[in-house]
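Novice: dropping the sequence and predicted coords here.
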Amino acid sequence: MLVLSALLAVGLEYAGLPAALLIGPLLAAVVVAVTAGPVEIPAPSFLFAQGIIGLMMAHSVPVSIAGEMARDWPLFVAGVLSVMVVAAALGWMLARWHVLPGTTAIWGSSPGAATAMMIMAEAHGADIRLVAFMQYLRVVCVALVASVVARFWVGSTGDARPQIDWFPAVAWLPVLETLLVIGAGVLLARVLRLSAGALLLPLILGLVLQHLGWVTITLPPWLLAIAYALVGWSIGLRFTRPILVHVARALPRVLASTLALIAICGLLAACLVVVAGIDPLTAYLATSPGGADSVAIIAASSKVDMPFVMAMQTMRLFLVLVTGPSVARFIAGRVSARDRAQERAEER
């Protein structure tokens with residue numbers, strides 16, 4: 001599984017696809033689970049990987065984003081809420097049509113960070129395998145469409161990806177402090193038994209300590225690669241043949257939903273251009289539904305307002321993290337109530 005993961009990750013990275021370091025191990029684990037039988041990843045390893053992802057997210061939020069949001073807060077509120085409402089509506093439609101079970105369609109449609117959505121979905125009872133399928137299908141579609149828009153709309157290269165130095169010289173004291181924050185957050189989450197706490201507590205601790213200047217979050221690329229692989233393996237090894245059949249059946253409608261979300265977000269971007277005078281590519285990248293890391297790469301290689309793009313992406317991520325469980329429960333409750341009412345009507 002390790003060799004196959006490395007081959008797939010390198011291949012996907014070479015092809016320029018986003019999240020290759022997670023999707024490669026995930027696909028390798030699916031192959032192993034379906035062909036060679038059950039293999040388990042120790043639970044503490046998965047929890048520690050979640051903590052690393054939480055610190056990575058905290059590290060990506062600079063203090064300057066608060067000023068950007070405060071200056072244009074009406075635009076941010078309108079833009080972020082519009083994307084969230086559209087995504088929730090599409091998730092509700094998929095749940096109502098029983099394309100995917102329970103709250104899975106709602107979590108899968110949530111326009112936040114894909115990895116965070118998967119971890120939170122599992123903590124709140126959704127099927128993490130199907131959520132991963134929806135989230136990463138959308139990440140790939142969004143990245144491809146955004147790259148095409150950047151390349152052909154404004155003539156940007158759009159796909160210039162920075163070279164990764166896997167083993168850079170690092171200051172080991174900040175690395176040790178970062179690992180201690182992760183360990184403390186994960187341990188506290190176990191003690192308090194918080195849903196998705198292994199992700200959220202390190203994220204909150206990292207944000208507070210980083211902005212107070214008490215910790216410099218330092219995550220070497222090789223450590224992030226290990227965390228991505230552990231998360232990918234933990235999810236992929238849970239796949240079975242019946243789940244793969246379910247994925248194949250759901251693919252056309254999930255893909256149609258994904259493309260509809262991207263198209264509607266494009267219309268919202270057009271509204272920002274007309275109403276607020278934002279340049280087209282900045283508005284499009286700011287409203288792109290998810291894949292904040294791949295959007296950041298495209299934005300960095302284009303002539304756009306980078307702080308505006310990342311501030312809107314980050315604000316939406318945190319709102320989805322905070323409101324996701326309540327939204328999923330609300331929509332699932334309405335869908336279940338409607339199904340029960342239909343069953344009673346058919347019995348009469």
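Specialist: Everything's here; your move. Numbers count the residues shown, from 1 in each chain.
Novice: T258 and L137 touch, don't they?
Specialist: Yes: assessed by C-beta atoms under 8 Å, T258 is found in contact with L137 at 6.0 Å. Placement of C-beta: from N, CA and C, glycine included.
Novice: with neighbour numbers in mind, choose between the two.
Specialist: Remark: of T258 and L137, T258 carries more neighbours, 24 against 18, as counted by other C-beta atoms under 10 Å.
Novice: just the buried residues of the strand or helix carrying the more buried one, please?
Specialist: Here T258 sits within helix 241-276, counting by DSSP states H and E. Applying a neighbour-count criterion of 16 or more other C-beta atoms under 10 Å, the buried positions in helix 241-276 are 243, 246-247, 250, 254, 257-258, 261-262, 264-266, 268-269, 272.
Novice: which of those residues lies closest to A36?
Specialist: Ranked by distance to A36 (C-beta to C-beta), the buried residues of helix 241-276 are led by I243 at 16.1 Å.
Novice: list the contacts for the closest one?
Specialist: Applying C-beta atoms under 8 Å, 6 or more residues apart in numbering to I243 gives the contacts 129-130.
Novice: ok, how many other residues are close to the residue lying closest to A88 once chain neighbours are set aside?
Specialist: Computed as C-beta to C-beta, 6 or more residues apart in numbering, the closest residue to A88 that is not its neighbour in sequence is V327, at 5.7 Å. V327 has 22 neighbours, counted by other C-beta under 10 Å.
Novice: which secondary structure element is home to V327?
Specialist: Going by DSSP H and E, V327 is in helix 306-347.
Novice: same thing with V61?
Specialist: Per DSSP H and E, there is no helix or strand for V61.
Novice: that one touches L207, doesn't it?
Specialist: Yes: V61 is within contact range of L207, at 6.4 Å (criterion: C-beta under 8 Å).
Novice: enumerate every residue touching M57.
Specialist: Contacts of M57 by C-beta under 8 Å, 6+ apart are 113, 116, 203, 206, 317.
Novice: swap that for A270, please
Specialist: 280, 283.
Novice: thinking again about what came up before, output the contacts of M57 as JSON lines; include the columns pLDDT, distance to A6 and secondary structure.
Specialist: Shown next, in JSON lines, are the contacts of M57 (pLDDT from 0 to 100; distance: C-beta to C-beta, whole Å; DSSP: H, G, I helix; E, B strand; the rest coil):
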{"residue": "A113", "pLDDT": "68", "distance to A6": "24", "secondary structure": "coil"}
{"residue": "A116", "pLDDT": "74", "distance to A6": "25", "secondary structure": "helix"}
{"residue": "L203", "pLDDT": "84", "distance to A6": "28", "secondary structure": "helix"}
{"residue": "G206", "pLDDT": "89", "distance to A6": "29", "secondary structure": "helix"}
{"residue": "L317", "pLDDT": "79", "distance to A6": "29", "secondary structure": "helix"}
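Novice: which of the residues you listed ranks first by neighbour count?
Specialist: The most crowded member of these, judged by other C-beta under 10 Å, is A113 (28 neighbours).
Novice: cool, thanks, signing off.
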